[in-house]
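**Student:** Quick one, what's the 3D model for this:
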Amino acid sequence: MDEHLRHVESVVLEAGTHEQSLRIRTADLAAIAGARIADICED
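**Tutor:** Have a look, this model is predicted:
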């Protein structure tokens, strides 16, 4: 997960269809996914 997302409270993901979405705390998403924080985006 890009390090810039650590400062974002939540993210919105598509949830099955383009008409449904899921809002999740960024910290929860990182924990569930076992994500590592890295500088992966170009500025």
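**Student:** use CA for all of it now, contacts and neighbours both
**Tutor:** OK.
**Student:** What segments of the chain are helices?
**Tutor:** The residue ranges that make up the helices of the chain, judged by DSSP state H, are 26-33.
**Student:** For it, just list every one of the strands.
**Tutor:** Taking DSSP state E as the test, the strands found in the chain are 10-14, 21-25.
**Student:** With distance to Ala38, mean neighbour count and mean pLDDT as extra columns, can I get the ones you listed in JSON lines?
**Tutor:** Below are these laid out as JSON lines (distance: least, Cα to Cα, whole Å; neighbours: other Cα atoms under 10 Å; pLDDT from 0 to 100):
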{"stretch": "strand 10-14", "distance to Ala38": "17", "mean neighbour count": "12", "mean pLDDT": "93"}
{"stretch": "strand 21-25", "distance to Ala38": "18", "mean neighbour count": "12", "mean pLDDT": "94"}
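**Student:** Might one say that Gln20 is in contact with Val12?
**Tutor:** No. Applying Cα atoms under 8 Å as the test, Gln20 and Val12 come out as separate, 10.2 Å apart.
**Student:** one step back: quick check: which of the strands of the chain is nearest to Ile32?
**Tutor:** Comparing these by their distance to Ile32 (Cα to Cα), the top pick is strand 21-25, with 10.7 Å.
**Student:** ok, the closest one: who's next to it in the sheet?
**Tutor:** When pairs are called by DSSP bridges, strand 21-25 turns out to pair with strand 10-14 (antiparallel).
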